[in-house]
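> Kindly generate the corresponding structure for this input.
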Amino acid sequence: MENELVTYNPMSPGYFADPYPHYSQLRAENPVHLTKFGFYIVTRYEDVLAAYENPLLSRDTRGWNGFRDWRRSPEDGPLEKMMSNWLVMIDPPRHTPLREIHERALSPAVLAACRPTVAGLVRELLAPGLAAGGLDLIGDFANPLPVYVINHLLGLPRADWDQFVAWSRAISLTSEPMLTRKVLQAGQDALTAMYEYFGSLVDRRTAHPGDDVLSLLAQGTTDARMTREELLDSLVFLYQASHPTGTQMLALGLLSLVNHPNQLAALRADPGLLPTAIEELQRFDGPVQMNDRVASIDLDLFGQHIEAGQLVRLCLASANRDPDALPGAEELDVTREKPRHFGYGHGLHYCVAAALGRIQTQESFAALLAGAHDLRIPDVKLRFLPSASNRGLVALPVSF
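Residues are numbered from 1 along each chain as shown. Coordinates of the predicted model:
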């Protein structure tokens, strides 16, 4: 039918390579609607902002009445087993003391102090590629970097770092709704191995704390401490919150710059633009495309009646390009001042380590701009991850 409204469809041709035309059409024609997948989708900036700030929309997606069908069962994969203890999946009042513990352990001072180490890791991982004239930005650099940074903050022995890259990757692959038994088993094996590794370490750092983030998490605050189970799950959460997104932020950001040579040239001409340019790159094409909420009671929102237990999916990537909220939002502009975006979330669940993500991305791009004077991507077909929630590339070959 000619007058039939467009509906959300991540299976539409070309979606994974470039979902933004689809988002633009949804914002214009059908900004909030019940999808054929059983959840509502919200695509405009102001509506996403309102959803973030509504206390009746819960972050615990296990409360969705379609959760069992979507994930096959609450025990489907290793990530489900930890949801009850992950800061990002917990509502107040329990969320409040756990948030305070994480904020103390990942304070601005703690994260700022690690910047020289991050810069050193960036140089170390980039050096072979710069010498060779090219690398796979993901496999050789952006995949290990976020894990190395977390390992450093936790005070883990350097000899164990690469094992954590493999474990974290295996667990992150279980985040998609439709999984093979092989992927699930690999994720479960990795989770078991991480628990075994951290078990005795947690006990030692609790009894004899140091100045590392693991010790700070174990100490808690004057008013609250995590249980041993909460602490173990929180350690795994640090990797899952920073690894996939940190990797793909670097890849997508570099791809955006190479695809917009005038913006790359502007950044080279004025490296002082880098801090705000990173925000613009996150806004323009960031890895976190969606964020979910569940109605805790029957609600009337966005002109829709939403029943208790209904999932509301916030399309952050669409909201970030809403021209009603930001003029020229469909264009990349590294000179844009204070670009508003939801790349690190908003409100109660704003990313507790957002500053670390910014440090990591800034140091990476600073090193690339300084060391790779002829930055380009070979003429190859890029493969994007088949994920509607977490955008990314399988590989990104880069030549210098």
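> going forward, measure contacts between C-alpha atoms and count neighbours the same way
Will do.
> what's the closest non-adjacent residue to Ser84?
Distances taken as C-alpha to C-alpha, 6 or more residues apart in numbering place Ile90 nearest to Ser84, at 7.0 Å, with adjacent residues excluded.
> didn't that neighbour look like it was pressed against Asp60?
Yes. At 6.0 Å, Ile90 counts as touching Asp60 under the criterion of C-alpha atoms under 8 Å.
> Kindly indicate whether the most centrally placed residue in the chain is helix, strand or coil.
Centroid-nearest residue in the chain, with C-alpha atoms, centre = their mean: Thr245, separated by 3.5 Å. On the three-state scheme (DSSP: H, G, I helix; E, B strand; the rest coil), Thr245 is labelled helix.
> Do I have it right that it meets Asp285?
No. Applying C-alpha under 8 Å, one finds Thr245 not in contact with Asp285, separated by 11.9 Å.
> Tell me how many other residues surround the nearest residue to Arg115 once chain neighbours are set aside.
Distance criterion C-alpha to C-alpha, 6+ apart; nearest residue to Arg115, sequence neighbours excluded, is Ile359 at 6.5 Å. Counted with other C-alpha atoms under 10 Å, the neighbours of Ile359 add up to 19.
> now Ile359: how far from Ala207?
31 Å (C-alpha to C-alpha, to the nearest Å).
> Tyr350 too?
For Tyr350, the distance to Ala207 (C-alpha to C-alpha) stands at 31 Å.
> Also Arg123?
The spacing between Arg123 and Ala207, counted by C-alpha to C-alpha, is 35 Å.
> who has more neighbours, those two?
Neighbour comparison, Arg123 and Ala207: the larger count goes to Arg123, with 18 against 12 (by other C-alpha under 10 Å).
> With the flanking residues excluded, which residue is spatially nearest to that one?
Spatial nearest neighbour of Arg123, chain neighbours left out: Ala367 (7.0 Å); criterion: C-alpha to C-alpha, 6+ apart.
> can you tell me the helix or strand for the one you found?
Assigned by DSSP states H and E, Ala367 belongs to helix 354-371.
> for that helix, packing partners?
If you count contacts as 3 or more C-alpha pairs under 8 Å, 6 or more residues apart in numbering; DSSP states H and E, helix 354-371 packs onto helix 108-113, helix 115-132, helix 228-259, helix 274-284.
> after the last one, next one along is what?
The reference is to helix 274-284. Downstream of helix 274-284, the first helix or strand assigned by DSSP H and E is strand 290-295.
> Who does that next one pair with, and is each partner parallel or antiparallel?
strand 57-58 (antiparallel), strand 311-315 (antiparallel) (DSSP bridges).
> Can you say which of those is nearest to Val202?
strand 57-58 (30.5 Å; C-alpha to C-alpha).
> Where does the prediction get shaky in the stretch 51-200 of the chain?
For the stretch 51-200 of the chain, applying pLDDT under 70 flags the ranges 70-81, 176-179.
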